[in-house]
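# I'd like to go over a predicted model; first the sequence, then the structure.
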Amino acid sequence: MPHVYAIGDLHLSLSVPNKAMDVFGSHWKDHANRIREAWQDIVKDDDLVLIPGDISWAMYLNDAIADLDMIASLNGTKLLLRGNHDYWWQSVTQVRNVLKNKTYALQNDVFRFGDLFVCGTRGWTVPQSSHFKENADRKLYERELIRLDLSLKALPSGVESIGMLHYPPFSENGEKSAFAERFEAAGVKNVVYGHLHGASHRYAFNGACDGVMYHFVSADHLNFIPKKIL
């Protein structure tokens, strides 16, 4: 029986050596190799791994290819979602054209894995958050809600599904956003997300809320080991 794992915020930099993540703490030292070793140890080739954003520090797609190829070399089917630092991801068509070896990208649609369907979008800072700035964030927040609506609309009724976001669907005080409400209304039972690092981990919501199980899967929070979701 295949398993579903998730790990986000890989922040790979194989072509951007000046972006080594250990500047953010010694726990990031050699993190790419640690991810690879843990992944290959637990993920089998018939499993699915969800990667909800902040995949590569590259600014341009050509520079991200080394990181994407590393992901492609790993076991299992890999599903990518764009994060706020994935500046190299401008056109999903261009991204899909360079992906190899059972590696796929999710944007404005759904991904089918056997009887399981994966939906989602990047998300954005939510209005319930103290960090939300009306002039700077409102337009992007509403655009991401439209993108989630497109993905959920493509979701067949009555199927088992998992949602992916990059940004948290809750405020730092645990207030539920429209992203969470939409997953709940669509009958999505599990949602994975990342984005938060370091001291911000304490603001992550992990657990059940109104029938949906939320999984915070930033790589440093998971000690760089993919988390089994299903």
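Structure received.
# Please make it C-alpha for all contacts and neighbour counts, starting now.
Will do.
# Next one: residue 141, what pLDDT does it get?
The model reports residue 141 with a pLDDT of 96.
# Now residue 191: closest residue in space, sequence neighbours ignored.
What sits nearest to residue 191 in space, not counting adjacent residues and going by CA to CA, 6 or more residues apart in numbering, is residue 163, at 4.4 Å.
# does that neighbour really touch residue 192, like I thought?
Yes. Using CA atoms under 8 Å, residue 163 is in contact with residue 192, at 6.3 Å.
# Grab the longest helix from this structure for me.
helix 134-153 (DSSP state H).
# tell me which strands and helices it is in contact with?
In this structure, helix 134-153 makes packing contacts with strand 116-120, helix 178-186, judged by 3 or more CA pairs under 8 Å, 6 or more residues apart in numbering; DSSP states H and E.
# on that earlier part again, so the residue nearest to residue 191, which of the three states?
Assigned by DSSP: H, G, I helix; E, B strand; the rest coil, the conformation of residue 163 is strand.
# That one - how many residues pack around it?
25 (other CA atoms under 10 Å).
# Next: residue 202.
Residues near residue 202, counting by other CA under 10 Å: 10.
# And residue 210, by the same measure?
Residues near residue 210, counting by other CA under 10 Å: 10.
# what about dumping the CA coordinates of the strand or helix carrying residue 80 to CSV?
In the assignment (DSSP states H and E), residue 80 maps to strand 77-81. In CSV, the C-alpha atoms belonging to strand 77-81 read as follows (Å, rounded to 0.1, in the frame of the first residue of the first chain):
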residue,chain,number,x,y,z
THR,A,77,6.3,10.4,-7.0
LYS,A,78,7.1,14.0,-6.2
LEU,A,79,4.5,16.9,-6.3
LEU,A,80,5.7,20.5,-6.1
LEU,A,81,3.9,23.6,-5.1
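# tell me the angle of that strand relative to strand 116-120?
20 degrees (axes from the mean of the first three to the mean of the last three CA atoms, to 10 degrees).
# Describe which strands strand 77-81 pairs with in its sheet and in which direction.
Strand 77-81 sits in its sheet next to strand 48-52 (parallel), strand 103-105 (parallel), going by DSSP bridges.
# now for the ones you listed, which one comes closest to residue 216?
Closest to residue 216 of those is strand 48-52 (CA to CA; 10.1 Å).
# What's the mean pLDDT across that closest one?
pLDDT averaged over strand 48-52 gives 98.
# which residues touch that strand?
2-9, 76-83, 113, 122, 164-166, 192-194, 226 (CA atoms under 8 Å, 6 or more residues apart in numbering).
# got a list of what residue 10 touches?
Each residue near residue 10 by CA under 8 Å, 6+ apart is listed here: 32, 53-56, 218-219.
# try it again with 10 Å
Residue 10 makes contacts with 21, 31-32, 35, 51-57, 67, 71, 218-220, 224, as judged by CA atoms under 10 Å, 6 or more residues apart in numbering.
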